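Asks: Please work out how this folds:
(2 chains)
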Amino acid sequence: EIVMTQSPATLSVSPGERATLSCRASQSVGTNLAWYQQKPGQTPRLLIYGASTRATGIPARFSGSGSGTEFTLTISSLQSDDFIVYYCQQYNAWPLTFGGGTKVEIK
Amino acid sequence: QLQLQESGPGLVKPSETLSLSCIVSGGSISSSSYYWGWIRQPPGKGLEWIGSIYYSGTTYYNPSLKSRVTTSVNTSKNQFSLKLTSVTAADTAVYYCARQGQWLPYFDHWGQGALVTVSS
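Replies: Presented below is the predicted three-dimensional model:
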């Protein structure tokens, strides 16, 4: 099983600033990595797939990068709606696995 | 527009079987392009993949749950189902159904989620 580790668990950032979230895989997943965002009480929403491709309707301030075992989600200028939880997920191999999540909070 | 909707009891007794269905509308569950998956989220915790099923019946399960999980597809009703046996309080969670690509099985469409509480 591929273990996904997200860091930090909580990220404190001021509105308008850049946020950088990390996701590490215990073995290579190529670019078979997705990112999701989840607002409180809501369903997770696909943000990024293929490590760097934005899903339909996702603003350009969200970008993903990385390959192999190291991945990054960058939010270029945080808006009020962005202070929520983000998860990474590998789909390179079964069983599918999620990271533990990063909560982005207002500094 | 594709929509998924979970349905099933919100309360299950310990040791009994949790049963949920996911009704798919706006798309065919028989499409060869997709898997259909289940994910759960205990209160205040992260996401855990439970299992996925292809319309032909091919399944993949989380090894930690495999001995207790069964999924099935009903193409005539355009829905798929989850059964989790011998539940405990640790199985209390919001259960989501979702669509996945056949070759790139990330989750691109999700249901609203169904809270299932295990309690006597």
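Asks: Next, count neighbours for residue B:27.
Replies: 16 (other Cβ atoms under 10 Å in any protein chain shown). All C-beta spots, glycine's among them, are computed from the backbone N, C-alpha and C.
Asks: contacting residues around it?
Replies: Residue B:27 is in contact with B:2, B:99, counting by Cβ atoms under 8 Å, 6 or more residues apart in numbering or on different chains.
Asks: how about a cut-off of 7 Å?
Replies: Contacts for residue B:27 (Cβ atoms under 7 Å, 6 or more residues apart in numbering or on different chains) come out as residue B:2.
Asks: Tally up the residues packed near residue B:66, please.
Replies: Around residue B:66 there are 14 other residues, counting by other Cβ under 10 Å.
Asks: any idea how far it is from residue B:5?
Replies: 26 Å (Cβ to Cβ, to the nearest Å).
Asks: now do residue A:58
Replies: Counting by Cβ to Cβ - residue A:58 and residue B:5 are separated by 24 Å.
Asks: how long is stretch B:83-94 from one end to the other?
Replies: End-to-end distance of stretch B:83-94 (Cα to Cα, to the nearest Å): 14 Å.
Asks: anything in that stretch near chain A?
Replies: No: counting by Cβ under 7 Å from any Cβ of the partner chain, chain A has no neighbours in stretch B:83-94; the shortest distance is 9.0 Å.
Asks: Which positions in that stretch come out as buried?
Replies: Going by neighbour count (16 or more other Cβ atoms under 10 Å in any protein chain shown), the buried part of stretch B:83-94 is B:84, B:87, B:91-94.
Asks: No further queries at this time; thank you.
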